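Undergrad: Quick one: sequence plus predicted model below, questions after.
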Amino acid sequence: DAGVTQSPTHLIKTRGQHVTLRCSPISGHKSVSWYQQVLGQGPQFIFQYYEKEERGRGNFPDRFSARQFPNYSSELNVNALLLGDSALYLCASSLDVGRGNTIYFGEGSWLTVV
Amino acid sequence: QQQVKQSPQSLIVQKGGIPIINCAYENTAFDYFPWYQQFPGKGPALLIAIRPDVSEKKEGRFTISFNKSAKQFSLHIMDSQPGDSATYFCGAGSYQLTFGKGTKLSVIP
């Protein structure tokens, strides 16, 4: 079975631009979470979605938004890109949103803002 | 903001040694504590996880020790191999995870 798939794998954007990152969860998983991993740091929670509804939001500005589609895939959108948004963006899927659900990460999308 | 403090930042051991990575958390409501392994250019892969109702869990060469009263947990890698060289992250949470900053492990032949 395929794991969590993310696209694109690498992209370069200019400051002020907008970016959309995409994620398909593991088959049968209904929850998707997004994490930002800056070089040399651990992943930091951005959003969690379940059944198309936002179930959690981390400490990120409103420039960050996400949504989940009926097929459980998800998009992360970032507007007005800043240099500091350069990071690995990780999508993770889990069966549902219960306590202590195991999350499985994709390979990530490397975003470079110049 | 809830924190998870991980140490050491980097670790070098010889093949066959037992590296130990430590994490401490603050929120007593946390009830799920996974460890992830990440190789350069790859996403984190789940290694092993523990819940606070047990004090130790072993899977293959990897063992988690958990001290609920101290709010600390650690990862032990038995008979470490050069292929274990990677960055290890501890996580803690209930519905979402908070991660430590990572430990870069190098196992030298």
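TA: Everything's here; your move. Here the structure is a predicted model, which means the values were calculated and not measured.
Undergrad: Residue numbers of chain A in contact with chain B?
TA: A:4, A:33, A:40-45, A:48, A:55-56, A:58-59, A:88, A:90, A:97-108 (C-beta under 8 Å from any C-beta of the partner chain). For the C-beta atoms, the positions are set from N, CA and C on the backbone; glycine is no exception.
Undergrad: what's the nearest residue to residue 28 if we skip its chain neighbours?
TA: As the question left the chain open, I've gone with chain A. residue A:95 (7.0 Å; C-beta to C-beta, 6 or more residues apart in numbering or on different chains).
Undergrad: meant chain B, my bad for not saying
TA: Residue nearest to residue B:28 in three dimensions, not counting chain neighbours: residue B:71, with 7.0 Å by C-beta to C-beta, 6+ apart.
Undergrad: Now the phi/psi pair for the residue nearest to the spatial centre of chain A, please.
TA: Centroid-nearest residue in chain A, with C-alpha atoms, centre = their mean: residue A:34, separated by 3.0 Å. Backbone torsions for residue A:34, taken as degrees, to the nearest 10, come to phi -120, psi 140.
Undergrad: ChimeraX command for the buried members of the residues of chain A next to chain B?
TA: Only the buried entries of the residues of chain A next to chain B go into this ChimeraX selection, using 16 or more other C-beta atoms under 10 Å in any protein chain shown:
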select /A:4,33,42,43,44,45,48,55,56,58,88,90,97,100,101,103,104,105,106,107,108
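Undergrad: about what we covered before: can you give me the distance of the residue nearest to residue B:28 to chain A?
TA: As defined by C-beta to the nearest C-beta, to the nearest Å, residue B:71 lies at a distance of 17 Å from chain A.
Undergrad: distance of that residue from residue A:58?
TA: 22 Å (C-beta to C-beta, to the nearest Å).
Undergrad: hang on, the earlier thing: out of the residues of chain A next to chain B, which are inside helices?
TA: Taking DSSP state H, every one of those sits outside helices.
Undergrad: picking that back up, my guess is the residue nearest to residue B:28 contacts residue B:24. True?
TA: Yes: applying C-beta atoms under 8 Å, one finds residue B:71 in contact with residue B:24, separated by 6.0 Å.
Undergrad: List the buried residues of stretch A:22-42.
TA: Across stretch A:22-42, burial judged by 16+ other C-beta under 10 Å covers A:23-26, A:29-37, A:42.
Undergrad: residue ranges with poor pLDDT in chain B?
TA: Applying pLDDT under 70 to chain B picks out residues B:1-2.
Undergrad: and it, which of its residues are near chain A?
TA: B:1, B:4, B:6, B:31-32, B:34, B:36, B:42-46, B:49, B:51, B:89, B:91, B:94-102.
Undergrad: one more time with 7 Å, if that's ok
TA: By C-beta under 7 Å from any C-beta of the partner chain, the residues of chain B that approach chain A are B:1, B:31-32, B:42-44, B:46, B:49, B:51, B:89, B:94-102.
Undergrad: ok now do residue 82, which residues does it touch?
TA: Chain wasn't specified; assuming chain A. Counting by C-beta atoms under 7 Å, 6 or more residues apart in numbering or on different chains, residue A:82 makes contact with A:15, A:113.
Undergrad: let's do chain B instead
TA: With C-beta under 7 Å, 6+ apart, residue B:82 has these contacts: B:15, B:107, B:109.
Undergrad: can I assume the residue nearest to residue A:28 is in contact with residue A:29?
TA: Yes: at 5.5 Å, residue A:95 counts as touching residue A:29 under the criterion of C-beta atoms under 7 Å.
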